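Chemist: Okay, predicted coordinates and the sequence, questions at the end:
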Amino acid sequence: MQITKGRCESISLAQAVLPLTFCRKRLDDTRMDARHLSTLTICCVALVITAACSQSNNLLLGQVQATMGTHKVVVTDCYRTSVPSPQKSGDDYRFTPCRDADVLIHAETLSVNGQSYGHLNPSDSVLVDHGVVSVNRYQARNVPGK
């Protein structure tokens with residue numbers, strides 16, 4: 001066993017040809033750095049999740065939601081870090097959270113991407129799930145000519 005400057009020592013394991021060298025201080029510093037690094041990583045992941053997920057936007061699930069008048073509108077397959085608020089013009093509401101989802105409520109009539117889905121009752125909720133439109137969890141049918 002050899003001690004150099006009180007920090008490092010060489011130890012032969014099972015009379016091996018190459019001695020194994022340990023630097024106690026360096027190993028301790030490395031362990032400390034690894035603990036700090038993993039703590040820092042966990043904090044960063046938590047921060048990203050917190051920033052990406054809010055009541056109106058869940059980046060991890062690709063789901064955004066908004067209230068349009070008395071209607072809760074949820075759009076899935078929409079991965080955006082920030083979502084614009086619904087626009088109100090008179091009694092009309094328009095919510096375009098993604099390029100492929102344009103929700104319009106005009107005089108309580110629902111249209112998604114230019115296709116009409118009929119009249120909404122007060123407080124009906126709307127789900128646009130990968131292009132499939134549901135009202136109160138029932139799949140809505142396209143109403144031609146409206």
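Modeler: Done, it's in.

Chemist: so where's this protein shaky on pLDDT?
Modeler: Within the chain, the stretches falling below the threshold (pLDDT under 70) are 1-32, 44, 46-57, 59, 137-146.

Chemist: Which segments of this protein make up each domain?
Modeler: For the chain, whose domains are defined here by automatic domain parsing, the residue ranges read 2-52, 57-139.

Chemist: I figured Y117 hits V133, correct?
Modeler: Yes - if you go by Cβ atoms under 8 Å, Y117 and V133 touch, sitting 5.4 Å apart. To be clear about C-beta, it is placed using only N, CA and C from the backbone, and glycine gets the same treatment.

Chemist: what number of residues lie near the residue lying closest to P122 once chain neighbours are set aside?
Modeler: Residue nearest to P122 in three dimensions, not counting chain neighbours: T70, with 5.2 Å by Cβ to Cβ, 6 or more residues apart in numbering. Taking other Cβ atoms under 10 Å as the neighbour definition, T70 ends up with a count of 13.

Chemist: How about N113?
Modeler: Applying other Cβ under 10 Å, we find 13 residues neighbouring N113.

Chemist: which residues sit in contact with the nearest residue to it once chain neighbours are set aside?
Modeler: When the adjacent residues along the chain are set aside, N113 lies closest to D102, with 5.4 Å between them (Cβ to Cβ, 6+ apart). With contacts defined as Cβ atoms under 8 Å, 6 or more residues apart in numbering, the neighbours of D102 are 94-96, 112-114.

Chemist: Next one: D102 from G131, what distance?
Modeler: Here the criterion is Cβ to Cβ, to the nearest Å. By it, D102 lies 12 Å from G131.

Chemist: State the phi and psi torsions of A34.
Modeler: Its backbone dihedrals place A34 at phi -60, psi -40, with angles given as degrees, to the nearest 10.

Chemist: Spit out the contact partners of it.
Modeler: Neighbour list for A34: empty [criterion: Cβ under 8 Å, 6+ apart].

Chemist: and A66, which of the three is it?
Modeler: strand (DSSP: H, G, I helix; E, B strand; the rest coil).
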